[in-house]
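# the following block contains a protein sequence and its predicted model.
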Amino acid sequence: MTTLRLDGPVDLAQHIPADPSGLFFHRGDGLLARGEALVLTATGEDRFTDLSQAFQQVSAAATVDDAAGVRGSGLLALGSFSYYAASERPSRLVIPRAVLGQADGCAFLTLITADGEDPARGLGAADGRDPSALLAELFPTADAEASAADAPAPPVPHIEVASAHTPAEYQALISRAVDEIRAGGAEKLVISERLDARSSDPVSIPALARRLAAMYPMTWVFRVGDVIGASPEMLVETEGSRLFSRVLAGTRPVADGGELTAEDRDAFFHDPKERAEHEYAIRSVTGPLEAVTEWISAPAEPFVLRLPGLEHLASDVSAKLRPGLTSVDVAGLLHPSAAVSGMPRADADRINRTIEEQDRGGYAAPVGWMSGRGDGQWAIALRMAHLDPEDPHYLVLQAGGGIVEASDPLTEHAEALAKTRPMMRALRG
Ligand SMILES: C=C(O[C@H]1C=CC=C(C(=O)O)[C@@H]1O)C(=O)O
């Protein structure tokens, strides 16, 4: 495989291919992928370590020519894990054929050919080619005409939405969760709702990802396999020994263009119910990290992260990772955090699964990428939808929230629906 450095920064959002095999970006930096040189899959309890090891074996045998030497350059896999170990949906790492990436404004192009394959038969042969010509060939910019200011706006698609439950049914599920907590089954649960969305026009992945990135710049926009979304929560990011995690739990919905008043934000910040939810989530990240890090720095108090439509209690945790673990290994150690499962984890997930009655697929599970060096970024697949490979008109949105003893079913229902709004807004264009 070869990584070529490109002249100057690129606007990644303008280069998204029609059907990317993966994309992951945040504030202009990130990765766009085309094709599949190799797909690794795993199921079961050991899916994280199995995929981490399988990719490390591929990486050890690869011939790597990396002229960029930045985050995400060189050999790389994008991946989406399944939430439950028992899920029938396999977790996957995709080693793409071509990657357009950018890290701190340094843009690069990576071309990967599978073992025994003639490089000239790949997506593009790097030998002697001008990197900018390769960029134009492999990742052409979005149709200039369509984005011209005077071009007629594309018609707004009609989106038909059907919730899996009526409001009364969903609120009854929340009441059941509260009853389970009162009966001592768990201290915190996380219950989610699914919404079927049918679009009058086929959903355009590049357009959807571009809108998510433009409307929610503080999130990590992703598409890998059947999941697409814009997550505000970073389960783990590693680069060498540097480890970062953004933990979210505790939410107040607001109007899309609005925000909480100073008084309401203060009440939110000090609300014991929200702080308890947040505390569980922090402990579920810092606890497992103790065994694999030299030090951990977690703030004494969260901050309020303001997103369009929602405000969250957030804490940025950093740590020094001991050698020997990849970013996928750490993601496996932390998944599922109490932000998406509850506390204690195993009891919470058993009850969540019974109440939700359905497998979560890739919802609330790690999505991201890992390099041949083991570094990577694994966001939690939230504010998302599952795509249907057979039907480009159809998606299933999923979102939920943490439930503690003091939770109110109506408020929790409103919160879950507010969390589906990013995807709904981006779908509507
Ligand atoms: C479970 C979700 O959100 C989590 C992340 C942030 C805040 C949350 C909350 O306040 O309940 C949830 O823990 C979701 O978006 O589906």
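Received it, and whenever you're ready, just let me know what you need.

# how close does residue 174 get to residue 353?
Distance, residue 174 to residue 353, using CB to CB, to the nearest Å: 16 Å. All C-beta atoms are positioned from the backbone trio N, CA, C, and that covers glycine.

# those two: which is more packed in?
Neighbour count, other CB atoms under 10 Å: between residue 174 and residue 353, residue 174 has more, with 24 against 15.

# helix, strand or coil: sort out the more buried one for me.
Under DSSP: H, G, I helix; E, B strand; the rest coil, the three-state class of residue 174 is helix.

# check contacts around the most far-flung residue of the chain relative to its centre.
Residue farthest from the centre of the chain, counting by CA atoms, centre = their mean, is residue 128 at 36.2 Å. Residue 128 makes no contacts at all, as judged by CB atoms under 8 Å, 6 or more residues apart in numbering.

# that's a helix at it, yeah?
No - per three-state DSSP, residue 128 lies outside any helix segment and is coil.

# gap between it and residue 69?
21 Å.

# can you map out the helices along the stretch 201-350 of the chain?
205-215, 262-270, 272-289, 327-334, 345-356 (DSSP state H, counting those that start in this stretch).

# biggest helix in this structure, by residue count?
helix 409-428 (DSSP state H).

# give the buried residues for it.
409, 411-413, 415-423, 425-427 (16 or more other CB atoms under 10 Å).

# list the helices and strands that helix packs on?
Helix 409-428 sits against strand 159-163, helix 167-182, strand 188-199, helix 205-215, strand 227-231, strand 242-253, strand 394-403, with contacts defined as 3 or more CB pairs under 8 Å, 6 or more residues apart in numbering; DSSP states H and E.

# by contact count, what packs against the first one?
Going back to what we said before, that points to strand 159-163. Packing contacts for strand 159-163, counted by 3+ CB pairs under 8 Å, 6+ apart, involve strand 188-199, helix 409-428.

# 6 Å - rerun?
Packing partners of strand 159-163 (3 or more CB pairs under 6 Å, 6 or more residues apart in numbering; DSSP states H and E): strand 188-199.

# which helix or strand contains residue 378?
strand 376-380 (DSSP states H and E).

# per-residue confidence averaged over that strand?
Averaged over strand 376-380, pLDDT sits at 98.

# and the one helix or strand residue 49 maps to, which residues are buried?
For residue 49, the host element (DSSP H and E) is helix 47-61. Neighbour-count burial for helix 47-61 flags 47, 48, 49, 50, 51, 52, 53, 54, 55, 56, 58, 59 (criterion: 16+ other CB under 10 Å).

# same question, stretch 386-397
386, 387, 394, 395, 396, 397.

# got the residues of the chain near the ligand?
190, 192, 233, 248-251, 277, 312, 339-340, 364, 382-383, 399-402, 419 (CB under 6 Å from any ligand atom).

# my guess is residue 188 contacts residue 343. True?
Yes - using CB atoms under 6 Å, residue 188 is in contact with residue 343, at 4.4 Å.

# so between those two, which is more surrounded?
Ranked by neighbour count (other CB under 10 Å), residue 188 and residue 343 place residue 188 first, with 26 against 23.

# OK, contacts around the more buried one?
280, 342, 343, 402, 404 (CB atoms under 6 Å, 6 or more residues apart in numbering).

# could you tell me how many residues sit around residue 171?
Residue 171: 17 neighbours (other CB under 10 Å).

# nope, residue 88 is what I was after
By other CB under 10 Å, neighbour count at residue 88 equals 9.

# helix/strand/coil for it?
coil.

# for the nearest residue to residue 138 once chain neighbours are set aside, which residues make a bridge with it?
Once flanking residues are discounted, residue 138 sits nearest to residue 98: 5.0 Å by CB to CB, 6 or more residues apart in numbering. Per DSSP bridges, the residues bridged to residue 98 are residue 34, residue 111.

# make CSV out of the buried residues of stretch 386-397 and add pLDDT.
Below are these laid out as CSV (pLDDT from 0 to 100):
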residue, pLDDT
386, 98
387, 98
394, 97
395, 98
396, 98
397, 98
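
# tell me how far residue 165 lies from residue 411.
Distance from residue 165 to residue 411, by CB to CB: 16 Å.

# residues in contact with residue 297?
residue 318.

# quick one: it from the ligand, how far?
Per CB to the nearest ligand atom, to the nearest Å, residue 297 is found 21 Å from the ligand.
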